[in-house]
Each structure stands twice: as structure tokens, then as C-alpha cells.
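Student: pasting the sequence and the predicted coordinates here, then a few questions.
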Amino acid sequence: MMIRKATEKDMPFVLELIQELATFEKEPDAVVVTVADLVRDGFSEHPLFQCIVAEKENTIIGMALFYYRYSTWKGKTIHLEDLIVKADQRGTGAGFALYKEIIKQGKKNKVRRIEWNVLDWNTPAIDFYEKSGAKVIEDWRVVQIDETGIERFLIED
């Protein structure tokens, strides 16, 4: 298995992994991003994200998509948007290798925090993260406003 930086040609496979994660998270119809979106947003002059992939026998079996953020308390941080391994490849070490690569990237770039979200029912992931030294912060809530909410807010304003 090899961990490497993703290329534009990898984006169809990355999208397949994103869809697999959405199905796992019981949101199979939630993915609206396209391969063209991923190519445009990840490989333009000012990319919005970076992506690494796990490849085994010339097949992508996992990926981690992340981007840099800025915390008013900590400074430069990484947000790990998704770390996904194909269902039939879980337990092969691919997830751990991707996770380790993200942490190495954070150290290399001197970030003060790496953060991500995990669903409260995904206890295997929570257990893994806690054993690795990560803290699952339970008193914070994720807040989002979707396209409909944005439109509604701006119309009512």
C-alpha cells in the first residue's frame, strides 16, 4: 500500500469514496458535489482543499481530504473533512496510514490543532481516535446553515 498526494485523475475515485461514506452515514442522497467540482476546487491556482489517497495494487482504497483553517485562539489549524476507507479494505491499516499522514502534515506545517467531526454513534471511530490521543469534545455542537437556510435568511433580512 502507498499513501500519496491525490491527482486530478483520482477525483472520480475520491467521489466514489465520498458517496460510500454518505451511504455509511445514512445520507446516501446528500452528496451533490461532482468530479468537476473536486477538480476545480482542489487543483486550481488557489485550491480549497488537499487530498491524499491510499493506493493498493493500482487501486485507490481510501482517502483523506483536508484544508487549513485559522483559529483566533490557536492560529493555523487543519480541518480533516473526511477520512474514508472502502468497506472491504477496512482493517488493512489504510485508515491508520492516512490518519498518520495527516498528523505528520500538521507537524510539518506547525499547526496547533487538527480537528474533525465524528458521528456520536460511530463508536469504533471514537474509540480509535481516543486511543490515538485525540479528545472527543462533547459539549460543543456542530452548527450549519444550508443553501435553503442561506436563501431564507437573506430574503427575511
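Tutor: Perfect, thanks for sending it.

Student: secondary structure element holding residue 77?
Tutor: Using DSSP states H and E, residue 77 falls within strand 75-85.

Student: just the CA atoms of that strand, as PDB, please.
Tutor: The C-alpha coordinates for strand 75-85 follow below in PDB (Å, rounded to 0.1, in the frame of the first residue of the first chain):
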ATOM      1  CA  GLY A  75      -3.600  30.200  14.800                       C
ATOM      2  CA  LYS A  76      -3.000  27.800  11.900                       C
ATOM      3  CA  THR A  77      -5.000  24.600  12.100                       C
ATOM      4  CA  ILE A  78      -6.000  21.700   9.900                       C
ATOM      5  CA  HIS A  79      -9.600  20.600   9.400                       C
ATOM      6  CA  LEU A  80      -9.900  17.000   8.300                       C
ATOM      7  CA  GLU A  81     -13.100  17.000   6.400                       C
ATOM      8  CA  ASP A  82     -13.200  13.200   5.700                       C
ATOM      9  CA  LEU A  83     -11.100  10.100   6.100                       C
ATOM     10  CA  ILE A  84     -12.600   7.200   4.200                       C
ATOM     11  CA  VAL A  85     -11.600   3.700   3.500                       C
END
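
Student: what's the first helix or strand after it?
Tutor: Next in line after strand 75-85, if elements are assigned by DSSP H and E, sits helix 94-108.

Student: the helix or strand following that next one: which residues count as buried?
Tutor: Counting by DSSP H and E, the next helix or strand C-terminal to helix 94-108 is strand 113-115. Residues of strand 113-115 classed as buried under the neighbour-count rule (16 or more other C-beta atoms under 10 Å) are residue 114. Where C-beta positions appear, they are placed from N, C-alpha and C, glycine not excepted.
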